[in-house]
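1. Here is a sequence with its predicted model. Questions after.
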Amino acid sequence: MGSAVRVLAEATPATRDRYVDLLRVGSLAVVVLGHWMMAAVTPDGVGNLLAVVPALQPLTWLLQVMPVFFFVGGFSHALSYRSLLRKRPGGLAASDASASADSVYAAFLRARLQRLLRPTMVFVLVWGILALLVQLLGGGRGLTGVTLRLVTQPLWFIGIYLAMVAFTPPLLRLHERYGWGAFAGLAGAAAAVDVLRFAAGVPYVEFLNFAFVWLAVHQLGFLRADGRLGAGSASGTGFAPSTGLRSLRVPALLAGGGLIGAVVLVAAGPYPLSMVGMPGEKVSNMAPPTLALLAHGLWLVGAVELLRAPAARLLARPRAWRTVVAANGVAMTAFLWHLTAMLGVYGVLLALDVPLPEPATAAWWAQTPLRLVAAAALTAALVAAFRTFEHPAPPSAATPAPGSGPLAALGATLCLLGVLGLSMVGLGGLLEGRTALLIAIPVSAPAAVAMTLGGWLLVERAGRGAR
């Protein structure tokens with residue numbers, strides 16, 4: 001362990017909920033491993049192992065852990081935003097308090113977006129330059145062309161996460177007023193969308209569940225921040241784990257109810273078995289999200305909360321906690337570059353004329369450990385090269401100006417649309433002006449990058465303010 005990591009670990013406040021940090025880095029690690037395992041690469045292209053071997057699709061009920069990351073995000077966002085609110089001057093008049101809340105919103109967006117967008121923009125710019133050079137030199141076919149389309153696909157997750165950050169203040173106010181009712185409202189809206197989609201055949205309504213499903217999971221993080229999931233008691237800014245059976249009642253209900261709900265929906269409804277998108281399927285649980293995926297998220301949240309007490313005991317050990325601190329410092333960088341590493345390994349194998357066995361054959365499985373080790377090593381090298389961009393800039397000593405909230409919201413919206421657009425269009429076809437439809441609007445890769453960068457600059461300007 002490096003000395004910096006040791007210092008950070010030893011300086012951890014006693015009130016910090018270390019389990020949240022473990023869940024954050026653990027969920028991203030599972031996603032990375034899942035992507036590496038599911039890729040079925042042949043000289044003709046990239047397929048999906050789950051489509052080759054449908055019997056493996058039940059594994060997605062364990063490996064689709066993005067709900068856990070969004071749940072943890074809700075917890076962290078609630079603590080962060082409330083911390084900024086507490087730092088406002090007291091005794092403000094109503095109009096001054098409104099302006100102050102506006103400034104807090106701008107500062108909150110800037111702080112949360114920095115950690116996401118600094119490494120993301122470096123990733124996009126590096127790959128954009130590489131993609132342009134490849135296409136200027138007449139490349140972009142075969143595995144190279146597939147790579148240019150695939151490497152930006154995981155950015156959808158960052159786009160959805162940006163939306164959660166932007167909606168945190170109003171949804172946190174709803175939570176503080178209605179508690180479980182706010183979550184129930186979002187879950188009910190997700191159910192209504194699926195009824196309109198599958199029973200009434202209403203077109204395009206399914207896209208609303210990109211908001212309702214993921215924001216409902218995010219809302220569970222707010223409930224955890226207030227100690228309303230029952231797995232512990234409030235303790236400063238963190239939580240004291242409880243081992244009593246009563247404290248496990250709510251997590252057990254979430255886990256059991258969510259699992260039963262997901263099984264019933266998949267067995268009786270139009271929902272597929274896989275909790276990740278499958279090539280060629282008419283209905284996906286992921287894009288757009290479905291009620292089945294929300295039920296899946298509920299059981300995952302309940303399950304990880306049931307494991308909270310033993311995990312807290314493990315994280316009380318210095319070595320275990322230092323490992324989590326070190327991993328959290330590079331988790332986003334590793335997530336951004338892990339597909340680059342995986343496809344790079346396959347590219348080297350093809351360049352060296354190493355035979356690629358047919359997916360799911362005995363030879364393919366025998367080669368899998370070597371591919372995973374090579375992908376992990378290349379990811380580590382890429383992390384070493386780009387990890388410095390994951391460290392956020394020092395907090396600004398300036399106070400955001402009154403009225404900065406709408407400007408920051410506009411910037412966040414542009415970032416959201418830009419990142420989602422780039423995840424859809426990829427970096428192939430830059431010279432041909434390739435586009436993808438984003439909310440019925442054609443978006444090219446350069447336009448998506450421009451929106452993301454312009455939006456980030458707006459958030460920076462609004463959140464930094466004037467001294």
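-> Done, it's in.
2. Now Ala272: which helix or strand?
-> For the record, residue 272 is Pro, not Ala. Pro272 belongs to no helix or strand when elements are defined using DSSP states H and E.
3. That one is in contact with Gly280, isn't it?
-> No: at 11.1 Å, Pro272 does not count as touching Gly280 under the criterion of C-beta atoms under 8 Å. In short, each C-beta sits where N, CA and C put it, glycine included.
4. Would you agree Leu229 falls within a strand?
-> No: the assignment for Leu229 (DSSP: H, G, I helix; E, B strand; the rest coil) gives coil, which keeps it out of a strand.
5. what secondary structure does the nearest residue to it once chain neighbours are set aside sit in?
-> Spatial nearest neighbour of Leu229, chain neighbours left out: Val250 (5.1 Å); criterion: C-beta to C-beta, 6 or more residues apart in numbering. Assigned with three-state DSSP, Val250 falls in the helix class.
6. all helices for the stretch 301-450 of the chain, in order.
-> Here the stretch 301-450 of the chain has its helices, by DSSP state H, counting those that start in this stretch, at 308-315, 318-328, 331-351, 362-386, 404-425, 445-464.
7. Save those as JSON lines, and put in mean neighbour count and mean pLDDT too.
-> Below are these laid out as JSON lines (neighbours: other C-beta atoms under 10 Å; pLDDT from 0 to 100):
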{"stretch": "helix 308-315", "mean neighbour count": "17", "mean pLDDT": "91"}
{"stretch": "helix 318-328", "mean neighbour count": "17", "mean pLDDT": "92"}
{"stretch": "helix 331-351", "mean neighbour count": "21", "mean pLDDT": "92"}
{"stretch": "helix 362-386", "mean neighbour count": "15", "mean pLDDT": "94"}
{"stretch": "helix 404-425", "mean neighbour count": "23", "mean pLDDT": "89"}
{"stretch": "helix 445-464", "mean neighbour count": "21", "mean pLDDT": "87"}
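8. Dump these into a markdown table; add distance to Arg197 as well.
-> Below are the helices of the stretch 301-450 of the chain laid out as a markdown table (distance: least, C-beta to C-beta, whole Å):
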| stretch | distance to Arg197 |
| --- | --- |
| helix 308-315 | 35 |
| helix 318-328 | 38 |
| helix 331-351 | 30 |
| helix 362-386 | 37 |
| helix 404-425 | 20 |
| helix 445-464 | 27 |
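9. Check which element follows the host helix or strand of Ser103 along the chain.
-> Here Ser103, judged by DSSP H and E, is contained in helix 94-136. The element immediately downstream of helix 94-136 (helix or strand, assigned by DSSP H and E) is helix 142-150.
10. Can you pull the phi/psi pair for Phe41?
-> I think there's a mix-up here, since residue 41 is Val and not Phe. Main-chain dihedrals, Val41, degrees, to the nearest 10: phi -90, psi 130.
11. That one contacts Leu143, doesn't it?
-> Yes: using C-beta under 8 Å, Val41 is in contact with Leu143, at 7.4 Å.
12. residues shared between the contacts of these two?
-> Shared contacts of Val41 and Leu143 (C-beta atoms under 8 Å, 6 or more residues apart in numbering): 343, 346.
13. Give me the neighbour count for Asn48.
-> Around Asn48 there are 17 other residues, counting by other C-beta atoms under 10 Å.
14. Next up, the contacts around it.
-> So Asn48 contacts 38-40, 278-279 (C-beta under 8 Å, 6+ apart).
15. in the chain, which helix or strand is least confident?
-> Sorting the helices and strands of the chain by mean pLDDT, DSSP states H and E puts strand 232-235 at the bottom, at a mean of 44.
16. ok so, going back, Pro272 and Gly280: which is more packed in?
-> Pro272 (20 against 6).
17. Which pLDDT value belongs to the more buried one?
-> The per-residue pLDDT reported for Pro272 equals 94.
18. now stretch 9-28, how far from the centre of its chain.
-> 17 Å (C-alpha atoms, centre = their mean, to the nearest Å).
19. Show me where the chain dips below the pLDDT cut-off.
-> Scanning the chain for pLDDT under 70 picks out 1-2, 88-100, 231-246, 392-403, 465-467.
20. Give me the most central residue, it.
-> Phe157 (4.3 Å; C-alpha atoms, centre = their mean).
21. just checking, next helix/strand downstream of the helix or strand where that residue lies?
-> Element membership for Phe157, per DSSP H and E: helix 155-178. Sequence-wise, the next helix or strand downstream of helix 155-178 (DSSP H and E) is helix 180-194.
22. out of the contacts of Asn48, which are buried?
-> The neighbour count (16 or more other C-beta atoms under 10 Å) marks 38-40, 278 as buried among the contacts of Asn48.
23. Reformat these into CSV and put secondary structure next to each item.
-> Output for the buried ones among the contacts of Asn48, formatted as CSV (three-state DSSP):
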residue, secondary structure
Met38, helix
Ala39, strand
Ala40, strand
Met278, coil
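24. For Ala374, see how far away Met342 is.
-> Computed with C-beta to C-beta, to the nearest Å, the distance linking Met342 and Ala374 is 9 Å.
25. Equivalent analysis for Trp156, please.
-> In terms of C-beta to C-beta, Trp156 sits 26 Å off from Ala374.
26. repeat for Arg24
-> For Arg24, the distance to Ala374 - C-beta to C-beta - is 26 Å.
27. now Trp456
-> Trp456 sits 34 Å away from Ala374, going by C-beta to C-beta.
28. Enumerate every residue touching the residue nearest to Leu229.
-> Val250 touches 228-231, 302, 305, counting by C-beta under 8 Å, 6+ apart.
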